[in-house]
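Participant: Generate coordinates for the sequence data below:
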Amino acid sequence: MPATHHAEHVGSLLRPPELLQAREAHDRGELTGEQLAKLEDDAALAAIELQREAGIEVFTDGEMRRATWMAGLLESLGGVVPVEPPTSAWFRDDGTMPAPEETAFRMVAAKDKITQKAHLTAVEADFMSRHAPGQFKITMMSSSMGNLLWRPDISRPAYPTPADMMRDLVALRIKEIEGLLDRGVNWIQLDSLSYNFVIDPDFRARMFGPAGPSPEDVLNATVAIDTELVRATKAMNPEVTVGMHICRGNNRSAWMSKGGYEPVAERLFGEVPVDRFLLEYDTDRAGGFEPLRFVPEGTTVVLGLISSKTPTLESQDDLRRRIDEAAAYVPLENLAISPQCGFASTARGNLLTVDEERRKLELVVDTAQKVWG
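Facilitator: Alright, predicted model coming up:
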């Protein structure tokens with residue numbers, strides 16, 4: 001059975017300024033790929049040490065080699081071309097909106113049949129197998145979010161419908177997971193945010209427009225693809241731990257959707273057979289714990305109660321009270337705690353310092369120790 005860990009973090013950590021500067025220099029042709037890779041390794045080693053010092057026992061490399069958390073689709077695929085990102089609006093908890101250039105990121109769309117041109121997660125896995133002082137996980141964007149790569153004016157010659165493209169994306173992702181398992185990886189986390197299109201009708205309208213898919217179609221497709229990925233992974237290695245992370249967006253301490261899990265809970269929790277659900281719960285933007293009544297017996301729910309968006313430390317008494325509230329729906333032994341998302345879903349990161357990030361992780365660990373021992 002998968003190991004039980006009650007303290008976890010989602011994956012990304014703040015990049016050091018020198019790495020961001022080096023990536024810009026590489027883009028300008030002033031730094032070789034080998035030089036950049038060395039700096040990425042150094043940053044990943046520092047991220048591992050930060051996690052060790054904080055007491056975290058499930059390590060990542062901080063996603064130091066990625067421009068965004070979506071790197072598996074945006075940076076690793078062939079057959080795609082750069083496009084403008086879909087229209088979205090980002091909001092901070094203080095009611096302000098960051099400038100568009102602050103939250104901008106690169107986006108691509110399928111123009112030809114897609115291929116796997118790079119194996120970024122394999123590089124991460126090989127590095128972590130050599131350097132992680134304990135259990136580590138590899139994070140990846142679920143293929144269920146691949147609909148963002150289909151643009152009718154660009155993609156239709158290669159893929160008449162988004163569903164045609166998604167079949168190839170799923171096959172590529174399963175092949176990628178197979179390679180990770182062959183490397184000895186035994187913990188994989190799928191990041192799947194398409195449920196937000198069902199949870200938040202306003203967000204769906206902003207992203208797809210009035211002619212976009214119905215919430216029922218989005219939910220059916222997302223559940224089907226996520227389930228296929230998890231079942232394929234378990235078929236290759238029944239002992240691998242598979243987690244799924246869901247949040248409301250995380251970019252420069254801003255969010256892009258809101259709403260509780262109720263519209264997706266019965267299908268998501270009842271049909272997608274992961275071992276761990278990592279769920280945003282740091283504000284009332286994600287609703288209450290009632291939807292957790294659909295979580296199957298034995299599945300772990302990692303409560304994202306600690307904000308990665310702000311430096312303010314949460315009250316541990318409040319955290320423990322909320323864990324007790326969640327335990328009315330999921331047995332305490334099947335609960336865990338984490339930040340609601342990573343600290344740097346995009347390379348520029350959230351509005352915290354590394355020391356503040358460390359204190360957040362320490363709070364995760366200390367709270368878990370007090371609750372679960």
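Participant: mind listing the strands for the stretch 201-350 of the chain?
Facilitator: Ranges of strands in the stretch 201-350 of the chain, per DSSP state E, counting those that start in this stretch, are 241-246, 276-280, 300-306, 335-339.
Participant: got the CA positions of the last one in CSV?
Facilitator: What follows is strand 335-339 as a C-alpha-only set of coordinates in CSV (Å, rounded to 0.1, in the frame of the first residue of the first chain):
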residue,chain,number,x,y,z
LEU,A,335,-6.0,13.3,6.3
ALA,A,336,-2.8,15.3,5.7
ILE,A,337,-1.9,18.9,5.4
SER,A,338,0.0,21.0,2.8
PRO,A,339,0.1,24.5,1.3
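Participant: angle of that strand against strand 300-306?
Facilitator: Angle, strand 335-339 to strand 300-306, by axes from the mean of the first three to the mean of the last three Cα atoms, to 10 degrees: 40 degrees.
Participant: Tell me which helix or strand comes right after strand 335-339.
Facilitator: Next helix or strand after strand 335-339 toward the C-terminus (DSSP states H and E): helix 354-372.
Participant: Which neighbouring elements make contact with that next one?
Facilitator: For helix 354-372, the packing partners by 3 or more Cβ pairs under 8 Å, 6 or more residues apart in numbering; DSSP states H and E come out as helix 33-54, strand 300-306, helix 316-326, strand 335-339. From N, CA and C alone the C-beta is placed, and that goes for glycine too.
Participant: in the longest one, what's buried?
Facilitator: Yep, that's helix 33-54 we're talking about. 36, 39, 40, 41, 43, 44, 46, 47, 48, 50, 51, 54 (16 or more other Cβ atoms under 10 Å).
Participant: Likewise for the third one?
Facilitator: Across helix 316-326, burial judged by 16+ other Cβ under 10 Å covers 319, 322, 323, 326.
Participant: Any stretches of this protein with poor pLDDT?
Facilitator: 1-3, 72-73, 86-87 (pLDDT under 70).
Participant: Tell me which residue is most central in it.
Facilitator: residue 191 (3.7 Å; Cα atoms, centre = their mean).
Participant: Show the contacting residues for the nearest residue to that residue once chain neighbours are set aside.
Facilitator: Counting by Cβ to Cβ, 6 or more residues apart in numbering, residue 245 is the residue found nearest to residue 191 once chain neighbours are left out, at 4.8 Å. By Cβ atoms under 8 Å, 6 or more residues apart in numbering, the contact list for residue 245 reads 10, 11, 139, 189, 190, 191, 192, 278, 279, 341.
Participant: What separation do you get for residue 245 and residue 80?
Facilitator: 24 Å (Cβ to Cβ, to the nearest Å).
Participant: shouldn't the residue nearest to the centre of the chain be in contact with residue 143?
Facilitator: No: assessed by Cβ atoms under 8 Å, residue 191 is found out of contact with residue 143, at 11.0 Å.
Participant: quick one: the helices in the stretch 151-300 of the chain?
Facilitator: Secondary structure of the stretch 151-300 of the chain (DSSP state H, counting those that start in this stretch): helices at 152-155, 162-182, 196-199, 201-208, 215-236, 262-271.
Participant: closest to residue 85 out of those helices?
Facilitator: helix 201-208 (10.0 Å; Cβ to Cβ).
Participant: Look up the closest residue to residue 314, ignoring the ones flanking it.
Facilitator: Counting by Cβ to Cβ, 6+ apart, the nearest residue to residue 314 once its immediate chain neighbours are dropped is residue 306, at 5.5 Å.
Participant: which residues does that neighbour contact?
Facilitator: So residue 306 contacts 282, 314, 319, 337, 338, 339, 340, 360, 363, 364 (Cβ under 8 Å, 6+ apart).
Participant: just those now: which is nearest residue 182?
Facilitator: Residue 182 lies nearest to residue 338 out of the contacts of residue 306, by Cβ to Cβ, at 28.2 Å.
Participant: Deepest in the core, which of the helices of the stretch 151-300 of the chain is it.
Facilitator: helix 196-199 (a mean of 25; mean count of other Cβ atoms under 10 Å).
Participant: which helices and strands sit right next to that helix?
Facilitator: Looks like helix 196-199 contacts helix 201-208, helix 215-236, helix 262-271 (3+ Cβ pairs under 8 Å, 6+ apart).
Participant: Please save the CA atoms from that helix in CSV.
Facilitator: Taking Å, rounded to 0.1, in the frame of the first residue of the first chain, the C-alpha atoms of helix 196-199 are listed here in CSV:
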residue,chain,number,x,y,z
ASN,A,196,-12.4,24.6,-12.4
PHE,A,197,-14.3,25.0,-15.7
VAL,A,198,-17.2,23.1,-14.0
ILE,A,199,-16.8,24.6,-10.5
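Participant: Check the spacing between residue 89 and residue 172 real quick.
Facilitator: 31 Å.
Participant: same question but for residue 144, I mixed them up
Facilitator: Residue 144 is 13 Å from residue 172, by Cβ to Cβ.
Participant: you'd agree residue 226 is up against residue 273?
Facilitator: No: if you go by Cβ under 8 Å, residue 226 and residue 273 don't touch, sitting 9.3 Å apart.
Participant: Give me the longest strand you can find in this protein.
Facilitator: Longest strand of the chain, by residue count under DSSP state E: strand 107-116.
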